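Novice: Predicted model follows, preceded by the sequence.
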Amino acid sequence: MSDAGRAALHAAFKATGYVVRPHPLVGNAKHVLRVDAEHPSLDAALTVHGFTTWAFLTAWNPHAQARPPRTNARLQQRLVALLEAQSHPSVSGVGVADDRRWFEESLFVPGLFRDEALRLGRLFDQEAVLWGAVGGTAELVMCLEPSRS
């Protein structure tokens, strides 16, 4: 991917709402996460359950290339199965572009450490994952290294 393409993709990630759907692990409330923002109500809900970190992940559209719905569903099911096999709880989520031109079904994973979130992002060929720690800001973690030409 060119530097200009990577910059545009980074801008798109920042212009996205990362929606965590209501679930007991997040205080039965919907949360909209933003890159570089704090999320105190989510932090409070996670603290009740003893979580100090979290990640927002997807398996949709590897390498930021649109895939057919059936392919995305199959990839996402593999991510769900992997998280379940590793005993990581997850909450349904969706990443939605601010202009509503695209969305990606996603998972919010409380208790996931940054290195594990990065590993999963790389495993599913994602450009980035969103990661955070209670009391901090949501961090866009780039997964794929730029190619060296």
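Specialist: Here it is on my side, so go on.
Novice: residue ranges with poor pLDDT in this protein?
Specialist: Residue ranges of the chain with pLDDT under 70: 1, 145-149.
Novice: which stretches of it form strands?
Specialist: Ranges of strands in the chain, per DSSP state E, are 16-20, 31-33, 53-57, 91-97, 103-110, 128-133, 139-142.
Novice: What lies in contact with the fifth one?
Specialist: With contacts defined as CB atoms under 8 Å, 6 or more residues apart in numbering, strand 103-110 is touched by 18, 20, 25-26, 46, 49, 51, 53-58, 60-61, 72, 76, 79-80, 83, 88-97, 117. C-betas here are computed from N, CA, C, even on glycine.
Novice: what would the strands of the chain look like in JSON lines with mean neighbour count and distance to D3?
Specialist: Shown next, in JSON lines, are the strands of the chain (neighbours: other CB atoms under 10 Å; distance: least, CB to CB, whole Å):
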{"stretch": "strand 16-20", "mean neighbour count": "21", "distance to D3": "21"}
{"stretch": "strand 31-33", "mean neighbour count": "19", "distance to D3": "27"}
{"stretch": "strand 53-57", "mean neighbour count": "24", "distance to D3": "25"}
{"stretch": "strand 91-97", "mean neighbour count": "18", "distance to D3": "22"}
{"stretch": "strand 103-110", "mean neighbour count": "22", "distance to D3": "24"}
{"stretch": "strand 128-133", "mean neighbour count": "23", "distance to D3": "16"}
{"stretch": "strand 139-142", "mean neighbour count": "16", "distance to D3": "13"}
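Novice: and these as CSV, adding distance to H10?
Specialist: As requested, the strands of the chain are exported to CSV (distance: least, CB to CB, whole Å):
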stretch, distance to H10
strand 16-20, 11
strand 31-33, 16
strand 53-57, 16
strand 91-97, 14
strand 103-110, 16
strand 128-133, 8
strand 139-142, 7
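Novice: who are the neighbours of the longest helix anywhere in the chain, in terms of helices and strands?
Specialist: For the chain, the longest helix by residue count, based on DSSP state H, is helix 69-85. The contact analysis (3 or more CB pairs under 8 Å, 6 or more residues apart in numbering; DSSP states H and E) places helix 69-85 against strand 103-110, helix 114-123.
Novice: G27 contacts D43, doesn't it?
Specialist: No: between G27 and D43 no contact is recorded; they are 10.2 Å apart, counting by CB atoms under 8 Å.
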